[in-house]
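Visitor: Next come a sequence and a model predicted from it.
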Amino acid sequence: IFKANNPLIVMLYAIFMGTVATYEAQKRTKYGYKDMFAHTWLALAGSAALVLTYGLTVVVAVQPWWEAQYLIPVFGMLLGNTTNGISVGLATTVSELAEGRQRIEALLAMGATRWEACKDLLKKAVTLGLTPILNQMSIIGMVSIPGMMTGQILGGTSPEQAARYQCAIIFLIAASTALGTVTACLLVVSTVVDVQDRVRAERLVARDRSRNYLKDFFDEHVKPLVQPRMLEAKEYVQTLPRFRSTMNGFQRLHTDIADI
């Protein structure tokens, strides 16, 4: 990928990275709902891609901005840290909605909107999701030296220049984590508590730890799109003369072996 440096290949691999990170971010929650994977992908990959675009085009000013040398490592750092924040935020939000339903319904019954009723819940979820990156930012440079800064210093870059790059990266990571965590939590609340200010607890389902949700998503959304194309390709290949002659040869060979 780095050698080819083709924008299409780089973008496809970035989408693959976002999909894997999304699967890891949402698979450990205690409860789930129908569109949880899609919402998590939107929050995680969307926030990381938005911050990445700003970072590469404005902060680092790379030309071209999609160059694999810069896009893949930075996108990986953004996804890795944003995954942690979203995972904690999602787990907290869905657990509070499922297990604290009575408190939220009481607030709704007294006239609160869904956002007012879920304000404390959202505040708790976002705070927990942002705690790791805030702790990292408070000690970076004084207590811990991140791997990127260490590698640059060992590679001969001046400590001042390495620190500048690390400051830019850590702020981009914090922005991506904050944006992704807030977006994911808001999407959960907007799904479980509808526009008529009703808690739709039936939309939350206890997760089966033995179930492969990535396979379910593939079977439900990807396979119906790909399978007809695969059948068309198979039918086309079977019409080729060379394919037919090859298959006839295999059939004759099978008949001869059976006779022997």
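Guide: Perfect, thanks for sending it.
Visitor: and Leu154, how many residues sit next to it?
Guide: The tally of other residues near Leu154 (other CB atoms under 10 Å) stands at 9. Quick note: C-beta positions are derived from backbone N, CA and C, even for glycine.
Visitor: Could you do Ala184 as well?
Guide: 30.
Visitor: Could you look up the SS state of the spatially closest residue to it that is not a sequence neighbour?
Guide: Among residues not flanking Ala184 along the chain, Ala43 sits closest, at 3.8 Å (CB to CB, 6 or more residues apart in numbering). When classified by DSSP: H, G, I helix; E, B strand; the rest coil, Ala43 comes out as helix.
Visitor: what about the helices in the stretch 101-250 of the chain?
Guide: Using DSSP state H, counting those that start in this stretch, the helices of the stretch 101-250 of the chain run over 101-109, 114-117, 119-139, 147-154, 159-192, 213-217, 223-238, 241-259.
Visitor: so can I have TSV of those helices showing mean pLDDT and distance to Ala4?
Guide: Shown next, in TSV, are those (pLDDT from 0 to 100; distance: least, CB to CB, whole Å):
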stretch	mean pLDDT	distance to Ala4
helix 101-109	87	51
helix 114-117	89	47
helix 119-139	90	33
helix 147-154	71	24
helix 159-192	88	25
helix 213-217	65	27
helix 223-238	72	24
helix 241-259	61	30
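Visitor: right, so of those, which gets closest to Pro64?
Guide: Across the helices of the stretch 101-250 of the chain, Pro64 has its closest neighbour in helix 159-192 (18.7 Å, CB to CB).
Visitor: circling back to that earlier point, got the helices of the stretch 101-250 of the chain as a markdown table, with distance to Val20 columns?
Guide: Output for the helices of the stretch 101-250 of the chain, formatted as a markdown table (distance: least, CB to CB, whole Å):
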| stretch | distance to Val20 |
| --- | --- |
| helix 101-109 | 32 |
| helix 114-117 | 32 |
| helix 119-139 | 20 |
| helix 147-154 | 20 |
| helix 159-192 | 15 |
| helix 213-217 | 9 |
| helix 223-238 | 18 |
| helix 241-259 | 36 |
